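1. predicted model and sequence follow; I will ask about them next.
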Amino acid sequence: MPDQAPIDPETYEWVKDADALRAWVTRIRERGYVAVDTETTGLDEMRADLVGISLCVEPGQACYIPLIHREAATDDLFGSDALAEGQMGVNDVLAILRPVLEDDAILKIGQNMKYDAKMFARYGVSVAPIDDTMLMSYALNAGVHNHGMDALSDRYLNHKPISIKSLLGTGKSAITFDKVPVGEAVKYAAEDADITLRLWQLFKPRLHSEKVTTVYETLERPLVPVLAQMEMYGIKVDRDTLSRMSNSFAQKMAGYEAELYEIAGREFNVQSPAQVGEILFDQMGLEGGKRTKTGQWSTPADVLEDLAAEHDFAARVLDYRQLQKLKSTYTDALQTHIHPETGRVHTSYLQSGATTGRLASSDPNLQNIPVRSEEGRRIREAFVAEPGKLLISLDYSQIELRILAHVAEIDALKQAFRDGQDIHAMTASEMFDVPMEDMTPDIRRQAKAINFGVIYGISGFGLARNLRIPRSEAQGFIDRYFERFPGIRTYMDNTVQFAKDNGHVQTLFGRKIHTPEIGAKGPQAGFAKRAAINAPIQGAAADVIRRAMIKMPAAIEGLPAKMLLQVHDELIFEVDEAAVDETTSVVRDVMEGASDPAVKLDVPLVVDAGRGHNWAEAH
DNA sequence: CATCTCACG
DNA sequence: ACGTACGTGAGATGC
């Protein structure tokens, strides 16, 4: 690394007036880029207030512009806080900064820039173009370590930044950033911008030397504004619907609870797996109970399901648990996420959350809203379109199996997809020598489980557990599968070997997923192998839908349609009723062509679409 | 704060 | 012989 100014928080500038700020704007324009960081009153960009802005133009040259820091007024008997000295008004600051923040010719560099871009957007400033050190780290090192700034600074700059905890405290007595004395805030905030700039200088050439520039430039960087926009739109959620469901669940749960106490002959905590296990295996003396590694009884659903046929107690626990899950995680918790001003729920997508290139969703997670059970699916009725609009949902059909057929070059599978065949039925037909016209649902179901297993890096044990069949039988299925599709085994062996040789696997689009555990011995080895087999398939599917999402804003421009949600292989839009047909057609075309022109797949991508006044109807 | 359980693709 | 399906986030319990 070239000689650089040491990271010294004492040297940063506190910007107090317009002249000082204009001097920074001049320096930014001379450079053509600037590292930017925002300080806010909270982590929720939709609710937090902007507290200050830090800038850095070269290592060690950083400043902080405080906006609304408050300090206890010594002469105020009521203890209310007064605005601290030496601050500019947010409107004055943004008036001066806007021209550079919105200037196409000036690159704004941030760590998790989506957060800062959303904050600025709420104050009417559209920040572009951007670079993001978190995403650079993710493109370089997915699968290796986390991409938070503290970790990156420690790892690459050998410097531990001032911790936010040291300023805010923790737990109940924690304060918000606007209560931090400005002098302390300058050191912390400007240091973050300084570190971000240094990381950027370090990562920029590495993207090239590690051959992930294309991944970063085409799959990471352009997705940031797309996700920011989706999150800010949010999706309308009907509180009354959720509230009614909560009440209904509570009533049913009370009934199950009484029944359980009756059977057990005593009261206990139904929500405690340990207490459920005590009753089943100690008190009732049932066989087959297993303990967790901490020595408590284990009572997962599949175990209870086996017992439920004989014992009402197990069946009622399952009933209770299902409703408890739906109530606490969905109908209750979702209500707290409805934004008081927009009436909508604004999730946050973590672009560097999953090692494979998938997104993750949090606060709330809208990627795991129930659908598999009838009762759970009804929760989707609470996700609604505005009056005069509909929700449309478009999802890729069998995208991972299609990608497997392509990358493993399995002619029979590729042809089946080209012919639009039922792929699970076709697999079953091949494996069990059953003509397609004689296919039964049960044979097809088994083949479907095998197809899923293949994507996950199949094992006899896993398939046996999933299908509830003896392990020997499951192993027989797998052997048979590889006999019929020998190319799949070759692909898997090659993938594992590639991981061992290179320390990573990669997707069709060049995304690297590091596999540091691939050389491990013992049980770890199995995990690492299966993860390595799965990653290029799951990752390529993730790349495809990312490409579609990146193309989408231009494609639907002019249409009265907004892209709201992504659920791994599905996109959800809110559309004026009159434009539903046209939007569906446009979106489908973008999704089905998302691989082009980067990768020409040997199989077609097929997208299914639905529509409705709510997500249950649209799905 | 770790563990268990369970919701999704 | 061993112990496993891949990838996530969240709520409740109990140390």
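-> Structure's in. What do you need?

2. for DNA strand B, what is the nearest residue in chain A?
-> residue A:292 (2.6 Å; CB to the nearest atom of the strand). C-betas here are computed from N, CA, C, even on glycine.

3. tell me, how many residues neighbour that residue?
-> A count of nearby residues for residue A:292, using other CB atoms under 10 Å, gives 13.

4. ditto for residue A:134
-> Per other CB under 10 Å, the neighbour tally for residue A:134 reads 26.

5. for the one 3 residues further on, same thing?
-> A count of neighbours around residue A:137, defined by other CB under 10 Å, yields 26.

6. next SSE downstream of the strand or helix carrying it?
-> Per DSSP states H and E: residue A:137 is located in helix A:133-141. Following helix A:133-141 in sequence order, the next helix or strand is helix A:149-152 (DSSP H and E).

7. which residues touch the one helix or strand residue A:325 maps to?
-> Secondary structure from DSSP H and E places residue A:325 in helix A:312-325. Outside helix A:312-325, the residues that touch it by CB atoms under 8 Å, 6 or more residues apart in numbering are A:249, A:252-253, A:256-257, A:259-260, A:263-264, A:270-271, A:276, A:279-280, A:284, A:299, A:301, A:304-305, A:307-308, A:373, A:375-376.

8. near DNA strand B at all, that helix?
-> Yes - Helix A:312-325 reaches DNA strand B (CB under 7 Å from any atom of the strand) through A:318, A:321-322, A:325.

9. ok, and for that helix, which residues are buried?
-> A:313-324 (16 or more other CB atoms under 10 Å).

10. repeat for stretch A:525-534
-> A:528-534.

11. again, but for stretch A:152-159
-> A:152-153, A:156-157.

12. how about the residues of the stretch 401-550 of chain A by DNA strand C?
-> Contacts of the stretch 401-550 of chain A with DNA strand C, taken as CB under 7 Å from any atom of the strand, map to A:449-450, A:452-453, A:456-463, A:465-466, A:471, A:523, A:526-527, A:530-531, A:534-535, A:538.

13. can you pull out the helices in the stretch 251-400 of chain A?
-> A:273-277, A:301-308, A:312-325, A:333-336, A:374-377, A:399-407 (DSSP state H, counting those that start in this stretch).

14. one step back: which among the residues of the stretch 401-550 of chain A next to DNA strand C are in contact with DNA strand B?
-> residue A:538.

15. please pick the buried ones from the residues of the stretch 401-550 of chain A next to DNA strand C.
-> Using 16+ other CB under 10 Å, the buried ones in those are A:449-450, A:452-453, A:456-460, A:462-463, A:466, A:530-531, A:534-535, A:538.

16. restricted to helices, list those residues.
-> Counting by DSSP state H, the part of those found in helices is A:449-450, A:452-453, A:456, A:460, A:462-463, A:466, A:530-531, A:534-535, A:538.

17. what's the span of stretch A:321-335 from first residue to last?
-> By CA to CA, to the nearest Å, the extent of stretch A:321-335 from end to end equals 20 Å.

18. my error: substitute stretch A:602-610 in the last question.
-> 26 Å.

19. is any residue of it near DNA strand B?
-> No - judged by CB under 7 Å from any atom of the strand, stretch A:602-610 and DNA strand B are separated, with a smallest distance of 12.0 Å.

20. do stretch A:252-272 as well
-> No - using CB under 7 Å from any atom of the strand, stretch A:252-272 never reaches DNA strand B; the gap is at least 9.1 Å.

21. and that stretch, C-alpha only, in CSV?
-> The C-alpha trace of stretch A:252-272 is given here as CSV (Å, rounded to 0.1, in the frame of the first residue of the first chain):
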residue,chain,number,x,y,z
LYS,A,252,-58.3,-20.9,18.5
MET,A,253,-55.0,-21.0,20.4
ALA,A,254,-56.9,-20.6,23.7
GLY,A,255,-59.0,-23.7,22.7
TYR,A,256,-55.9,-25.8,21.8
GLU,A,257,-54.2,-24.6,25.0
ALA,A,258,-57.1,-25.8,27.2
GLU,A,259,-57.2,-29.1,25.4
LEU,A,260,-53.5,-29.6,25.9
TYR,A,261,-53.7,-28.8,29.6
GLU,A,262,-56.6,-31.3,29.8
ILE,A,263,-54.6,-34.1,28.1
ALA,A,264,-51.4,-33.4,30.1
GLY,A,265,-53.3,-33.1,33.4
ARG,A,266,-51.5,-29.9,34.2
GLU,A,267,-50.7,-26.5,32.9
PHE,A,268,-47.4,-25.9,31.2
ASN,A,269,-45.8,-23.5,28.6
VAL,A,270,-46.9,-24.8,25.2
GLN,A,271,-44.3,-22.6,23.6
SER,A,272,-41.5,-24.3,25.4
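
22. now that stretch: mean pLDDT?
-> Mean pLDDT, taken over the full extent of stretch A:252-272, equals 96.

23. what does it contact?
-> A:275-276, A:278-279, A:283, A:312-313, A:316-317, A:319-321, A:323-324, A:327.

24. how about a cut-off of 10 Å?
-> A:274-276, A:278-280, A:283-284, A:296, A:299, A:311-324, A:326-328, A:375 (CB atoms under 10 Å, 6 or more residues apart in numbering).

25. any stretches of chain A with poor pLDDT?
-> Flagging of chain A using pLDDT under 70 yields the residue ranges A:1-3, A:74-79.

26. right, I'll leave it there.
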